[in-house]
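Asks: Fold the following.
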Amino acid sequence: MLLSDLRYLLGFLLLPPLAAQEPSAASRTKVHFRAAMFGHDVLLRDGRSNSLEMQPTTSTPYDRYFGSVRAVLATLEPERATMAQACHLMKVGYRFRYITRDPYRPDPPKLTEAQRAGDCKSKALWLFDNLSDSSALFVIGKAEKNSRTSHAWVYWRNGDRWWILDCTDRIDPIAADSVSPNRYIPHYSFGKSGTYRHASTRTASTSRAGIAAVVGPPDRRRTR
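Replies: Residues are numbered from 1 along each chain as shown. As a prediction, this is how the structure comes out:
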């Protein structure tokens, strides 16, 4: 057996299992991930050309602050959302006032909806919860490469493409493969299938002092 083949086999065996789904939910969900090893990276694909480069991880610098994210994931009953549903939720979330209550902890979705207000991470978690799609990922990263603060949005798979759902700054979904490499740079993703780190974390600081507040770019805050 060639060394490259052995590395592929070991990498595949070390991947954590996907979260189990109820039979009814699994029958509605057509997204199935498979892994391919390229050096030390894992590309998670769903069998089509457009993919996100990310690697399973057991921890992130934000874990201590993401109790509300874990609560949503624990109770999420995945379904398959439509583009019409995603667009409607984007418009609703966009109209929520921009309020930051904590620089690191997202508000529970019910609080965000009741007050019709929240910052980027609270809005993104509300959107993720209401979308309830097994392909969706709650994402922490940078809206722009040189931003001092982190931003939150949702990655969502529809058709043959990944879409960026950012109801803090945008009223409609945008295709992930259409944005500049210096925009929407993901660091960590959280989904029903697991937790992942993206290639950008190779250079991002993971020390306590280096964790950027997740409040979005100051010049884009919605204060309506």
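
Asks: which ones are touching Pro173?
Replies: Applying C-beta atoms under 8 Å, 6 or more residues apart in numbering, we find Pro173 in contact with 83, 86-87, 90, 156, 158, 163-165. To be clear about C-beta, it is placed using only N, CA and C from the backbone, and glycine gets the same treatment.

Asks: cool, and Met83?
Replies: Residues near Met83 by C-beta under 8 Å, 6+ apart: 158, 173.

Asks: Which secondary structure element of this structure has the lowest mean pLDDT?
Replies: Each helix and strand of the chain was given a mean pLDDT (mean pLDDT, DSSP states H and E); the minimum falls on strand 34-38 at a mean of 30.

Asks: Of the contacts of Pro173 - the most surrounded one?
Replies: For the contacts of Pro173, the largest neighbour count, defined by other C-beta atoms under 10 Å, is 25 neighbours, found at Leu165.

Asks: List phi and psi for the residue nearest to that one when sequence neighbours are not counted.
Replies: Nearest residue to Leu165, sequence neighbours excluded (C-beta to C-beta, 6 or more residues apart in numbering): Val154, at 4.1 Å. With angles defined as degrees, to the nearest 10, Val154 sits at phi -120, psi 130.

Asks: next one: Phe66
Replies: Phi and psi for Phe66, reported as degrees, to the nearest 10, are phi -110, psi 40.

Asks: Can you tell me how far it is from Arg80?
Replies: The gap separating Phe66 from Arg80 is 25 Å, by C-beta to C-beta, to the nearest Å.

Asks: These two: who's more crowded?
Replies: Phe66 (23 against 16).

Asks: Cross-check the contact I'm expecting between that one and Phe190.
Replies: Yes - the criterion here is C-beta atoms under 8 Å, and Phe66 meets it with Phe190 at 7.3 Å.

Asks: follow-up on the earlier one: and which of the contacts of Pro173 is nearest to Asp102?
Replies: Leu165 (22.0 Å; C-beta to C-beta).

Asks: I'd guessed the closest one sits against Ala86; true?
Replies: Yes - with contact defined as C-beta under 8 Å, Leu165 counts as touching Ala86 (6.2 Å).
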